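Student: sequence unknown, structure follows:
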């Protein structure tokens, strides 16, 4: 097992299992999260670089034999690729500045993705929903999320009506155990924000605000928590950055509810020292300053 890994994005199932056996330092909170019987903790909250992706992948591997359906099917976790589509601003007004808007887009994305995976078809729906259900290029939560974000406002309102009239009732009736793993929402807008910081503009007709980075993460956490209460057969595992918990959610009642469903990753000094010692122990001898020393740091 390679030591000193700093990015779990490219780690496959074998890598994760080896890492968990040899290098992972499971403090009590992490150990509790990874237990198969722990179905209540579904949100991983941590600063960048604290292992959110690793923990989501490890959780999936620990429970995947217990669920009838797990999304995504071709990877351990679902994550975005490329840059966000151009977001139309006409007619939306201040709607996209609200937490409720982002929550509703994630509610739509999750329910459509889950129901589409079961080959569900509504009796009646808007043309907008029918088009998403028929489009084979819109399968993942991310693809559906980006599609809805780039839709005109009238399409968004049509889909909201579909959520109340068709999607939510069908989601409530799902009885097969289903788990979804979605990661890297924090990185979804970071590319475009870096471009903005460098002075490069987005195409005319669309606009990305710095607040979207926070709002998108707030929305996914709120939607995951809400849907887990609506149907206990469906578990939605997501990750968000700790800055969001501190900056938007804060000490509100929702923030307290969110904490009850979350693993907030933190490490004591002794945890960090143990992590360093484990990596030293798995380093090649030629990479060590004093291979024969009994003191790991030496």
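Tutor: Arrived safely. Everything quoted here is computed from the prediction, not taken from an experiment.
Student: okay, how far is it across stretch 134-152, tip to tip?
Tutor: Using C-alpha to C-alpha, to the nearest Å, the end-to-end distance of stretch 134-152 comes out at 19 Å.
Student: Over to stretch 149-167?
Tutor: 18 Å.
Student: quick one: average confidence on that stretch?
Tutor: Regarding stretch 149-167, the rounded mean pLDDT is 95.
Student: Also stretch 80-99?
Tutor: 79.
Student: Figure out how far it is from the centre of its chain.
Tutor: Taking C-alpha atoms, centre = their mean, to the nearest Å, the mean C-alpha location of stretch 80-99 is offset from the chain mean by 19 Å.
Student: Pull the distance from stretch 229-249 to the chain's centre.
Tutor: 8 Å.
Student: right, I mislabeled it, should have said stretch 225-232
Tutor: So, by C-alpha atoms, centre = their mean, the centroid of stretch 225-232 is 16 Å from its chain's centroid.
Student: can you pull the buried residues of it?
Tutor: Within stretch 225-232, the residues scored as buried using 16 or more other C-beta atoms under 10 Å are 225, 227-228, 231. Heads up, the C-betas are built off the backbone N, CA and C, glycines and all.
Student: could you say what helices and strands the longest strand anywhere in the chain packs with?
Tutor: Counting residues, the longest strand in the chain under DSSP state E turns out to be strand 234-241. With contacts defined as 3 or more C-beta pairs under 8 Å, 6 or more residues apart in numbering; DSSP states H and E, strand 234-241 has these neighbours: strand 43-46, helix 52-63, strand 178-182, helix 185-188, helix 211-230.
Student: try it again with 10 Å
Tutor: Secondary-structure packing of strand 234-241 (3 or more C-beta pairs under 10 Å, 6 or more residues apart in numbering; DSSP states H and E): strand 43-46, helix 52-63, strand 69-71, helix 99-117, strand 178-182, helix 185-188, helix 211-230, strand 262-264.
Student: Can you tell me the strand partners of the first one and which way each runs?
Tutor: Spelled out, that is strand 43-46. Each strand paired with strand 43-46, and its direction, by DSSP bridges: strand 234-241 (parallel), strand 262-264 (parallel).
Student: next structured bit after the longest strand of the chain?
Tutor: As assigned by DSSP states H and E, the chain's next helix or strand after strand 234-241 is helix 242-244.
Student: Can you list the neighbours in contact with that next one?
Tutor: Helix 242-244 has contacts (C-beta atoms under 10 Å, 6 or more residues apart in numbering) with 45-48, 50, 52, 185-186, 213-218, 220-221, 258, 264-266.
Student: Can you select the buried ones among those residues for me in ChimeraX?
Tutor: To isolate the buried members of the contacts of helix 242-244 in ChimeraX, using 16+ other C-beta under 10 Å:
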select :45,46,50,52,185,186,213,214,215,216,217,218,220,221,258,265
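Student: distance of residue 71 from residue 33?
Tutor: With the distance defined as C-beta to C-beta, to the nearest Å, residue 71 ends up 20 Å from residue 33.
Student: Surely residue 37 is in a helix?
Tutor: No - in this structure, residue 37 is coil, not part of a helix, as judged by DSSP: H, G, I helix; E, B strand; the rest coil.
Student: mind checking pLDDT for it?
Tutor: pLDDT, residue 37: 95.
Student: what does residue 249 give?
Tutor: The model's pLDDT for residue 249 equals 58.
Student: picking that back up, please name whichever of the strands paired with strand 43-46 is nearest to residue 272.
Tutor: Checking these against residue 272 by C-beta to C-beta gives strand 262-264 as the closest, at 16.3 Å.
Student: Residue 9 is nearest to which of the helices and strands packed on strand 234-241?
Tutor: Across the helices and strands packed on strand 234-241, closest to residue 9 is helix 52-63 (C-beta to C-beta), at 6.0 Å.
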